[in-house]
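Student: What shape does this take:
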Amino acid sequence: MPTSAIEKECASKMAKAIEYLKDELRGVRTGRASPGLIEHLKIEVTSYGSTMELRELATVGVPEPTTLLVKPYDPSTLKDIEKGLQTSSLGVTPMNDGKSIRLPIPPLSGERRQQLVGQIKKMGEAQKIAVRNARRDANKAIDVVEKAKTVSEDQAKDAKDGVQKLTKKYEDEIDVVLAAKTKELEEV
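Tutor: Residues are numbered from 1 along each chain as shown. Predicted coordinates:
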């Protein structure tokens, strides 16, 4: 395997780590209502006999800046959706009017904001570890092709330098994403 392919695969794994982090951060509650908070929640639907994401069961709208409105496609799933929202880690009580569910998003307390900042830092660190693991795997692959004498020492060193630059780039990108979310959380 040429070193360029190893670097490309490494960059792909690192990009997936960034995308995963962005998806995870969408689910972290800020003071504003956002469909991203709940659309990926897993809901156990007894009538279908399976677990589905909320976005597959209902539309999620934002009628007011502090309220989410969930309208199920199938009215028979309303109770399952309500139960799923109550048992989620959001800490918000759903209000069922028979046809839809309203979720009032209360403002965050200072203490809760700090807990959430700590939580997103842990998420970011987990993805930095994923990026570093991709670097480790790429470096091992480079060592293997170097030992097999398919690339020279200089080519292997250049490839490892390239992988290190990718690692730095993606770790910096994670820091930027975390800084933006932290700023959003600390807004009152």
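Student: Can you point out the buried residues in whichever strand or helix holds Val131?
Tutor: For Val131, the host element (DSSP states H and E) is helix 110-147. By neighbour count on 16 or more other Cβ atoms under 10 Å, the buried set for helix 110-147 is 113, 116, 120, 123-124, 127-128, 130-131, 134-135, 138-139, 141-142, 145-146. C-beta: built from backbone N, CA, C; applies to glycine.
Student: Which residues in the helix or strand hosting Glu19 does the neighbour count mark as buried?
Tutor: Under the criterion of DSSP H and E, Glu19 resides in helix 3-26. Buried positions in helix 3-26, judged by neighbour count with 16+ other Cβ under 10 Å: 3, 6-7, 10-11, 13-14, 17-18, 21, 24-25.
Student: Also stretch 86-95?
Tutor: Here stretch 86-95 shows 88, 90, 92, 94 as buried, counting by 16+ other Cβ under 10 Å.
Student: Format those residues as TSV; extra columns: secondary structure, distance to Lys42 and pLDDT.
Tutor: Listed next are these as TSV, based on DSSP: H, G, I helix; E, B strand; the rest coil; distance: Cβ to Cβ, whole Å; pLDDT from 0 to 100:
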residue	secondary structure	distance to Lys42	pLDDT
Ser88	coil	9	77
Leu90	coil	13	71
Val92	coil	16	76
Pro94	coil	16	85
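Student: Spell out for me which residue occupies the centre of the protein.
Tutor: Glu24 (2.1 Å; Cα atoms, centre = their mean).
Student: quick revisit: what's the first helix or strand after the helix holding Glu19?
Tutor: Counting by DSSP H and E, the next helix or strand C-terminal to helix 3-26 is strand 42-45.
Student: what does the helix or strand just after that next one contact?
Tutor: Heading C-terminal from strand 42-45, the first helix or strand you meet, by DSSP H and E, is strand 50-53. Here strand 50-53 makes contact (Cβ atoms under 8 Å, 6 or more residues apart in numbering) with 39-45.
Student: One more: stretch 111-126?
Tutor: Contacts of stretch 111-126 (Cβ under 8 Å, 6+ apart): 21, 24-25, 28-30, 108, 174-175, 177-178, 181-182, 185-186.
Student: Poorly predicted segments of this protein, please.
Tutor: For the chain, applying pLDDT under 70 flags the ranges 29-32, 188.
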